[in-house]
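Return a 3D structure for these sequence lines:
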Amino acid sequence: MSSAPATPDLHTLQQYLQQHHGGDGNLAAQRTLDNYSRHHNQDFWAFWQHQTAAFEQPLQMLDLGCGAGQFLRDVALQHPDWHCTGVECAPYMLEHMVELPANARVVIDDLNQPHQAFDHNVSLIMANMLVHELHQPVALFRTIKSWLADDGLLILIDMVRQPLQSYMQHSHPDLTMLPRPELEYAFSQYAEHNRYSADDLQWLLSQCGFEVLQREDIRSGRAVRLVARAGKAG
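The predicted structure follows:
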């Protein structure tokens with residue numbers, strides 16, 4: 001497992017992520033493991049296979065913010081001739097990392113300011129529930145553009161802005177009964193998960209030189225799937 005320099009910024013990000021995930025890293029990692037099948041259901045895999053069917057093998061795939069590595073593992077097992085790399089920095093996710101096959105690896109990096117170099121040779125980049133955790137996504141989008149091969153795709157899945165009622169009824173249906181610490185956490189989570197609308201994400205990608213090929217609302221409009229490729233220069 002390789003690592004970016006252990007900078008103060010990386011340490012600050014790790015602290016922020018633990019707070020964002022509820023303050024208990026081990027519990028957050030276990031929830032990630034437990035909820036994997038629900039979030040990667042038949043619909044998800046049909047979508048993924050449709051997007052990847054046209055690519056010739058072998059290829060290089062990145063999973064940004066790979067968590068405990070379950071998606072990274074499954075893709076590597078499905079495609080033993082692919083080279084699969086996960087990027088993660090949360091210590092509790094790294095500690096709970098699943099066993100990976102030989103064609104998969106994990107690197108530690110701050111995706112607010114990535115240090116990895118892939119030089120236009122990555123065919124597929126997955127950013128699943130990552131963007132809302134970044135301080136801002138523009139620096140990463142610019143870097144992704146430099147990583148992607150000419151025919152490469154970015155698949156972005158993330159929470160999108162929604163009314164307070166919709167968010168709270170889904171995540172905290174007993175809102176008025178919560179004690180103060182849980183109320184404060186619920187409202188901080190609302191702010192952090194409602195940073196961008198689907199239009200915002202599409203606009204940001206466009207501003208960073210991407211062409212959005214597909215946009216699909218999921219989870220009853222609480223999230224969006226975007227498929228984009230780097231636009232041709234000139």
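
Torsion angles phi and psi at the residue of the chain positioned farthest from its centre?
Distance from the C-alpha centroid of the chain, by C-alpha atoms, centre = their mean, peaks at residue 177 (32.0 Å). Dihedral pair for residue 177: phi -100, psi 0, per degrees, to the nearest 10.

And the one 3 residues further on, by the same measure?
Dihedral pair for residue 180: phi -50, psi -50, per degrees, to the nearest 10.

same question, residue 149
Dihedral angles (degrees, to the nearest 10) for residue 149: phi -70, psi 170.

before we move on, what about residue 43?
Here is the backbone geometry of residue 43 (degrees, to the nearest 10): phi -60, psi -40.

can you count the residues close to it?
Residue 43 has 9 neighbours, counted by other C-beta atoms under 10 Å. For every residue, glycine as well, the C-beta is placed using N, CA and C.

same question, residue 216
Counted with other C-beta under 10 Å, residue 216 comes out at 12.

which SS state does the residue lying closest to it once chain neighbours are set aside fall under?
Nearest non-adjacent residue to residue 216, counting by C-beta to C-beta, 6 or more residues apart in numbering: residue 225, 4.6 Å away. On the three-state scheme (DSSP: H, G, I helix; E, B strand; the rest coil), residue 225 is labelled strand.

you'd agree residue 225 is up against residue 46?
No. In this structure, residue 225 is not within contact of residue 46 by C-beta atoms under 8 Å, at 11.8 Å.

Secondary structure class of residue 228, three-state.
strand.

tell me which element residue 141 falls in.
According to DSSP states H and E, residue 141 maps onto helix 138-147.

If you compare the directions of that helix and strand 223-230, what angle comes out?
50 degrees (axes from the mean of the first three to the mean of the last three C-alpha atoms, to 10 degrees).

Please enumerate residues in contact with helix 138-147?
62, 64, 111-114, 116, 118-122, 125, 127, 131, 134, 154, 204-205, 207-210, 230 (C-beta atoms under 8 Å, 6 or more residues apart in numbering).

low pLDDT regions in this protein?
Scanning the chain with the threshold set as pLDDT under 70 gives 1-8, 16-23, 232-234.

Now do the strands in it.
2-3, 60-64, 83-88, 104-108, 122-128, 148-159, 210-218, 223-230 (DSSP state E).

Of these, which is nearest residue 189?
Comparing the strands of the chain by their distance to residue 189 (C-beta to C-beta), the top pick is strand 148-159, with 10.0 Å.

what lines up beside that closest one in the sheet?
The strands that strand 148-159 pairs with in its sheet are strand 122-128 (parallel), strand 223-230 (antiparallel) (by DSSP bridges).

Using TSV, please lay out the ones you listed together with distance to residue 159 and mean neighbour count.
TSV is the format used below for these (distance: least, C-beta to C-beta, whole Å; neighbours: other C-beta atoms under 10 Å):
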stretch	distance to residue 159	mean neighbour count
strand 122-128	11	22
strand 223-230	5	21
